[in-house]
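>>> Provided below are the primary sequence and the corresponding predicted coordinates.
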Amino acid sequence: MGKSDEGRIGKIILVLSDIFIVHLGYLTAYWILHGFSYPFYYIDAIPWISAAVLTIFYLFNMYTDWQRKNFQQVLYTILLSFGMFTVLMMAVAILYPIEIFSIKNIMLAFIIQNISVIMSRFFIWHVIRRIYGKKKLLIIGENEKVGLSLADKLLSHNKGWFIISGFLLLSEKHKLKSYIKEIDVVLVSPSIDEKQKSEMVSLCVKYGKEVLIVPKLFEIFIHGSAPQQVDDMLVLSIPPAELSMAQRAVKRAFDLVAATAILTVTSPFTIFLWILIPLTSRGPAFFKQDRIGENGKPYKIYKFRSMVQDAEKNTGPVLATERDPRITWIGRLIRATRLDELPQLYNVLKGEMSLIGPRPERSFFIDQFQQQIPDYAYRMTVKPGLTGLAQVMAKYTTTVEDKLRFDLMYIRQYSFAADIKILLQTIRVVLQREQANGVNEKDYQREKQLLQLLGQNEAAGLNEGRCME
């Protein structure tokens, strides 16, 4: 079997088990409420219910890289996915008032389905891991600080899936050949130059090992490029980093419809905050600020004020920190729930922003970022967004360059389905609030553990690598 077989087999098992559990949930709820008899009319509903639940699960990334996700994140995603699916089924219940689609039956099925899917996912995850074993992983980097940083990310995201077998300094890369038979995966530091990276990848491919690479920005542009033949030469066609006219039209239509709907639904919150904010701190409810939009065009962004009035009067432009004293108590609440961003829907309706896209920044910070990262300007080839791929994939402590990777990946792989997925996953981020968290005590303890790993790496050797759980 190939190295990715556990992913394919597990995904097939997950899809089949999800479909089975959804239908069994409705039937079990029906039997509990109405006695043991089979509602034969339900057979006609099986195909469209299966399609609906799989579509929603796909939009919430329930089948993407499932075996390496943090189980807490999977738990939130399951609850949200079934929540969305249940809302859809309630709409069906109104249109088709039959017993198996009654509100009572749907709510009971919701409980049964959630518990069953969580248990099945946990069981399948453990069975797949037990069959194929944990992956022995080697980190290659220029120094131990880099190794610590990469190991920390693996530990926090993929707990229980990898055994971090050791760390190899770049100056010792000649030892990779002697170690490679003992490991399954190699993680290469992003700062390693192209020649050395190419040598490592070639060696890993030769021995059938998986390679994890943090892409350089130009490599993101290559991703998804179209191969073409020029005489007897193979070339890769890399289109401009911008949306086509058709994509822009679809995106704009979606922005107008969705922004109007969200404004309507959230209008009670808007009115409440408009009254509450001036009552709890001196100053107006709304706050506007200059931001840079598509193609470097400046515009005024609107937000609910979450800081004290004139917060930057004495400091100049300063990025907010986790425990920023300038943030009011109501400001902390609306920032944590992203309610402070609601007025930007007005920017979306005006065409200055999109619902989905890279977050807009001020020119002061853009100038600084461009000095450090020249490719930063590429993120301004599309309209800035209310939320984006970086907001649902990154964390509070994610670097500007890593967030830029997500923004560029979004631009390169834009699709209407991708916008829907990001919008739905934003709900998970708001409720989970993990991406907004800074460094905590668990992070500190994990760092101490990783330092011990790196400190003992040379003495222990790769064959005695420690499992970081």
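Cool, got the structure.
>>> Break down the protein into its strands, ranges please.
With strands called from DSSP state E, the chain shows them at 135-141, 162-169, 185-188, 210-213, 226-230, 233-237, 286-292, 298-304, 354-356, 385-387.
>>> can you list the residues that contact the last one?
Taking contacts as CB atoms under 8 Å, 6 or more residues apart in numbering, the residues outside strand 385-387 that touch it are 338, 341, 344-345, 348, 353-359, 422-423, 426. To be clear about C-beta, it is placed using only N, CA and C from the backbone, and glycine gets the same treatment.
>>> Would you mind writing the ChimeraX command to select the buried ones in the residues you listed?
Buried residues within those, by 16 or more other CB atoms under 10 Å, are selected in ChimeraX with:
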select :338,341,344,345,348,353,354,355,356,357,358,359,422,423,426
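>>> ok, the contacts of strand 385-387 vs residue 136, which is closest?
Residue 136 lies nearest to residue 422 out of the contacts of strand 385-387, by CB to CB, at 33.9 Å.
>>> Any stretches of this protein with poor pLDDT?
By pLDDT under 70, the low-scoring segments of the chain are 1-7, 66-70, 156-160, 313-316, 318-322, 396-397, 432-469.
>>> Give me the domain ranges for it.
5-131, 134-214+441-464, 245-309+316-436 (automatic domain parsing).
>>> Could you point out the longest helix of the chain?
helix 245-280 (DSSP state H).
>>> Tell me which residues of it come out buried.
Across helix 245-280, burial judged by 16+ other CB under 10 Å covers 250-251, 254-255, 258-259, 262-263, 270, 273, 277.
>>> how about those in CSV, adding distance to residue 375?
As requested, the buried residues of helix 245-280 are arranged in CSV below (distance: CB to CB, whole Å):
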residue, distance to residue 375
250, 27
251, 23
254, 28
255, 26
258, 30
259, 30
262, 32
263, 35
270, 37
273, 37
277, 38
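>>> follow-up on the earlier one: of the domains of the chain, which approaches residue 234 most closely?
Across those, closest to residue 234 is domain 134-214+441-464 (CB to CB), at 17.2 Å.
>>> Run through the helices of the stretch 351-469 of the chain in chain order.
Taking DSSP state H, counting those that start in this stretch, the helices of the stretch 351-469 of the chain run over residues 363-372, 389-393, 400-412, 416-432, 441-460.
>>> Show me what the third one is packed against.
This points to helix 400-412. helix 217-222, helix 363-372, helix 389-393 (3 or more CB pairs under 8 Å, 6 or more residues apart in numbering; DSSP states H and E).
>>> can you do 10 Å?
In terms of contacts (3 or more CB pairs under 10 Å, 6 or more residues apart in numbering; DSSP states H and E), helix 400-412 is packed against helix 217-222, helix 363-372, helix 389-393, helix 416-432.
>>> Of all the ones you listed, which one is nearest residue 123?
Closest to residue 123 of those, according to CB to CB: helix 416-432, at 22.8 Å.
>>> tell me the most buried of the strands of the chain?
strand 354-356 (a mean of 27; mean count of other CB atoms under 10 Å).
>>> about what we covered before: what's the distance between the longest helix of the chain and the middle of its chain?
Here helix 245-280 shows a centroid-to-chain-centroid distance of 22 Å under the convention CA atoms, centre = their mean, to the nearest Å.
>>> Of the strands of the chain, give the one that comes closest to residue 8.
So among the strands of the chain, strand 210-213 is nearest, using CB to CB, at 14.3 Å.
>>> Listing partners with orientation, what would you give for the closest one?
strand 185-188 (parallel) (DSSP bridges).
>>> so residue 31 makes contact with residue 38?
Yes. Counting by CB atoms under 10 Å, residue 38 is a contact partner of residue 31 at 9.0 Å.
>>> which one of the two has more residues nearby?
The residue with more neighbours, out of residue 31 and residue 38 and counting by other CB atoms under 10 Å, is residue 31; that gives 13 against 10.
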